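Asker: Give the three-dimensional model of this entry:
(one chain, ligands or ions: 1)
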Amino acid sequence: MDVRRILATKRDGQALSKADIDAFITGYVAGDVRDYEASALLMAIFMVGMEEDELFHWTGAMLRSGDVMDLEGIAGQKADKHSTGGVGDKVSIPLAPAVAACGVRVPMVSGRGLGHTGGTLDKLESIPGFRTALDPATFRRVLERTGVAFGGQTERLVPADKKLYALRDVTGLVASIPLMASSILSKKLAEGLDALVLDVKFGSGAFLADPERGAELARTMLGLTERFGLPATVFQTSMGQPLGLAVGHTLEIAESLACLAGDGPADLRELVTTFGGELLVACGAAEDLDAGRGAVAASLDDGRAMDVFERVVAEQGGDTACIADPGALPSAPDVETIVAEEEGVLLFADCCAVGEAVAVLGGGRQRLEDEIDPVVGVVFHKRAGERVRAGDALVEIHHRDGAGLPKCRRHLARALWIDEIGEAWERPPLVLSRLTA
Ligand code: URA
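Answerer: Next up is the predicted model:
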């Protein structure tokens, strides 16, 4: 393979051939193509984009870079959901067990933290002992026994995405429509699904803040799922403020446990029931969306979703003490509370800055090899649009011995805005649109 020719082709704005794409992806996974060469190609794709056929071949090459899951013989429909990433987006964690409790299996292959957003795998691994690097046989066994399995890309499952995703994270190459679409769908196509929900975030905490660009990503992904023969629905949902109140790994597990107990923030529950309802209908497990939503809500309220989650945690090696007592999760040694300096209405000026505030505490990766500190993060006391008085607690910062604290405070100051009390603030819709192929 002539790597320099391939790089020059893309740099000059031309489409790569299927043969070049296959050679490049295979070579990268084998270690013959170096990270600096892959970074150059990713940058060129970021700048130039990809044609429809080229993206189809690129996604297929990523999908074929490792094993595809063999879920043959496992009874029942299989469904999953994936998000483009947001701040405090923990929906997958309560959603998967809730859907499984309603009779649809969820073989979930998720990603790690990327840019200013956290990743489902990192969040789950903040439960002591929880393993997400499952070999295919273990993944299958967990799925058969519990109805859910939470895995990540491994050396065998979509290894191309494992490497490219990490590289994009540290080179500022996340917000690209073809790279996002291929990254997300290569993982989801490897699962052998009957139905998929895609959550495309918009707003200041999303990679694609502009809803129009989000809609373009949605159409791109729906075009790909159609060509690959996977029934999919896309929802565009708001990331103008963090989802729920907690941002940070163990803090988000605690909030997910609250949702699984039929409690927790209303926005989190709304997305869990909306996406879950959609998946149940798509899999023939509910007659219509209202019935689907109701079934998912019931599984949260009557403890069935929590039972499934407890079994998954146990099967994947995690300590189940947190199920009965979320206080058993590891926690940060230090907490500082930021209070409002004036009266007004709380608004989120920049939700991305909340993700950055958590990252500088140690809750995100600055470099490929960085370890995440799972216990640091922030917990809001107020939601956007709420009235606050001077001295009211706005947000708790969970930190470790002050590491990153001054920077975190600066990011939060940028993130939050206290507006004058004037006309009633209108909350933007949480779910902006629903699209199908
Ligand atoms: N989630 C993914 O899996 N990939 C992306 O590129 C962005 C979000």
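Asker: Which strand or helix spans the closest residue to the ligand within the stretch 301-437 of the chain?
Answerer: Nearest residue of the stretch 301-437 of the chain to the ligand: Gly355, at 13.1 Å (Cβ to the nearest ligand atom). No exception for glycine: its C-beta is placed from N, CA and C like everyone else's. Gly355 is part of helix 352-358, with elements assigned from DSSP states H and E.
Asker: Just give me how far stretch 240-254 sits from the chain centre.
Answerer: 12 Å (Cα atoms, centre = their mean, to the nearest Å).
Asker: Quick check: Ser83 vs Gly317, distance?
Answerer: When distances are taken as Cβ to Cβ, to the nearest Å, Ser83 and Gly317 turn out to be 25 Å apart.
Asker: More neighbours: which of those two?
Answerer: In this comparison of Ser83 against Gly317, neighbours counted by other Cβ atoms under 10 Å, the higher total goes to Ser83 at 26 against 14.
Asker: Which secondary structure elements does the helix or strand bottoming out on mean pLDDT in the chain sit against?
Answerer: Every helix and strand of the chain was ranked by mean pLDDT, DSSP states H and E. The lowest is helix 159-171, at a mean of 90. Here helix 159-171 is seen to pack against helix 18-30, helix 35-48, helix 52-63, helix 177-189 when contacts are counted using 3 or more Cβ pairs under 8 Å, 6 or more residues apart in numbering; DSSP states H and E.
Asker: which of these sits most buried?
Answerer: Comparing the helices and strands packed on helix 159-171 by mean neighbour count (mean count of other Cβ atoms under 10 Å), helix 177-189 ranks first with a mean of 24.
Asker: interface residues of this structure facing the ligand?
Answerer: Contact residues of the chain with respect to the ligand, defined by Cβ under 6 Å from any ligand atom, are listed as 84-85, 111, 114, 165, 174, 179-180, 183-184.
Asker: Least confident of the residues you listed?
Answerer: Ranked by pLDDT, the residues of the chain next to the ligand bottom out at Leu114, which has 79.
Asker: check contacts around that residue.
Answerer: Leu114 makes contact with 85, 165, 168-169, 174 under the criterion Cβ atoms under 8 Å, 6 or more residues apart in numbering.
Asker: didn't Ser126 look like it was pressed against Ile253?
Answerer: Yes. When contacts are counted by Cβ atoms under 8 Å, Ser126 is listed as touching Ile253 (5.9 Å).
Asker: where do the contact lists of these two overlap?
Answerer: Counting by Cβ under 8 Å, 6+ apart, the residues touching both Ser126 and Ile253 are Leu329.
Asker: Neighbours of the residue of the stretch 301-437 of the chain closest to the ligand, how many?
Answerer: Gly355 is surrounded by 27 other residues when neighbours are defined as other Cβ under 10 Å.
Asker: can you tell me how far it sits from His411?
Answerer: The value you get for Gly355 to His411, if Cβ to Cβ is used, is 9 Å.
Asker: ok, Ile323 - contacts?
Answerer: Ile323 makes contact with 257, 306, 309-310, 313, according to Cβ under 8 Å, 6+ apart.
Asker: what helices or strands is the strand or helix carrying Leu432 leaning on?
Answerer: In this structure, Leu432 sits in strand 431-436 according to DSSP H and E. Applying 3+ Cβ pairs under 8 Å, 6+ apart, one finds that strand 431-436 makes contact with helix 211-228, strand 232-238, helix 266-282.
Asker: sorry, back to before: dump the helix holding Gly355 to PDB, restricted to CA.
Answerer: Once non-C-alpha atoms are left out, helix 352-358 reads as follows in PDB (Å, rounded to 0.1, in the frame of the first residue of the first chain):
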ATOM      1  CA  CYS A 352     -19.400  22.400  26.700                       C
ATOM      2  CA  ALA A 353     -17.600  24.300  29.400                       C
ATOM      3  CA  VAL A 354     -19.300  22.000  32.000                       C
ATOM      4  CA  GLY A 355     -17.600  19.000  30.300                       C
ATOM      5  CA  GLU A 356     -14.300  20.900  30.300                       C
ATOM      6  CA  ALA A 357     -14.700  21.800  34.000                       C
ATOM      7  CA  VAL A 358     -15.000  18.100  34.800                       C
END
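Asker: For that helix, buried residues please.
Answerer: When neighbours are counted by 16 or more other Cβ atoms under 10 Å, the buried residues of helix 352-358 are found to be 352-358.
Asker: Which neighbouring elements make contact with it?
Answerer: In this structure, helix 352-358 packs against strand 246-247, strand 377-380, helix 405-415, with contacts taken as 3+ Cβ pairs under 8 Å, 6+ apart.
Asker: could the ones you listed go into TSV alongside distance to Leu230?
Answerer: Conversion of those to TSV gives the following (distance: least, Cβ to Cβ, whole Å):
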stretch	distance to Leu230
strand 246-247	31
strand 377-380	34
helix 405-415	37
